[in-house]
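[1] take a look and give me a structure for this.
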Amino acid sequence: MSTIDRQRITAVRAMEALGYAFTGIEWKGPGGAAAAAHPSLVDEADAMHALLVLRADKLEGCAAGSEEEAEFAMISEILEDYEAKRWPDGKVPGGKG
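    Below is the predicted model of the structure:
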């Protein structure tokens, strides 16, 4: 067995341990029961989300063409992507909205 084959096998095992599953066409991220099996990962991701929201709030309204504007755009895109995956229905389960 080649080194690349060993690396691939190790990578697949790591992905599966994190709750990802390969459908034969694509990898599906952890969700539902898989996310519940890894609550610390979800908690850490939510904490990172909160920090990015705070940073975006500080950068909002920065000067056009500035480095801050580029950072704000990048953070906004990351937040939108995360929120779409974390809360696909647009709301927190059991939340107020």
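[2] ok, Ala45 touching Arg86?
    Yes - here Ala45 reaches Arg86: they are 7.3 Å apart, a contact under C-beta atoms under 8 Å. Where C-beta positions appear, they are placed from N, C-alpha and C, glycine not excepted.
[3] quick check: pLDDT value at the residue nearest in space to the middle of the chain.
    What sits nearest the mean C-alpha location of the chain, by C-alpha atoms, centre = their mean, is Tyr82, with 4.7 Å. Listed pLDDT for Tyr82 reads 89.
[4] my guess is it contacts Ala47. True?
    No - between Tyr82 and Ala47 there is no contact under C-beta under 8 Å: 12.0 Å.
[5] how about the strands in the protein?
    Using DSSP state E, the strands of the chain run over residues 21-22, 27-28.
[6] quickly note the distance from Ala60 to Phe22.
    For residue 60 the amino acid is Glu, not Ala. 39 Å (C-beta to C-beta, to the nearest Å).
[7] now do the buried residues in stretch 62-77.
    72, 75 (16 or more other C-beta atoms under 10 Å).
[8] ok now it, how far from the chain's centre?
    Centroid separation for stretch 62-77 versus its chain: 20 Å, with C-alpha atoms, centre = their mean, to the nearest Å.
[9] what sits up against it?
    Stretch 62-77 is contacted from outside by 52, 55-56, 59-60, using C-beta atoms under 8 Å, 6 or more residues apart in numbering.
[10] can you list the weak-confidence ranges in this protein?
    Scanning the chain for pLDDT under 70 picks out the ranges 30-39, 91-97.
[11] 80 instead, please
    Within the chain, the stretches with pLDDT under 80 are 1, 4-5, 15, 17-20, 28-40, 90-97.
[12] can you pull the domain assignment for it?
    Using automatic domain parsing, the domain parsing of the chain gives 1-34, 38-97.
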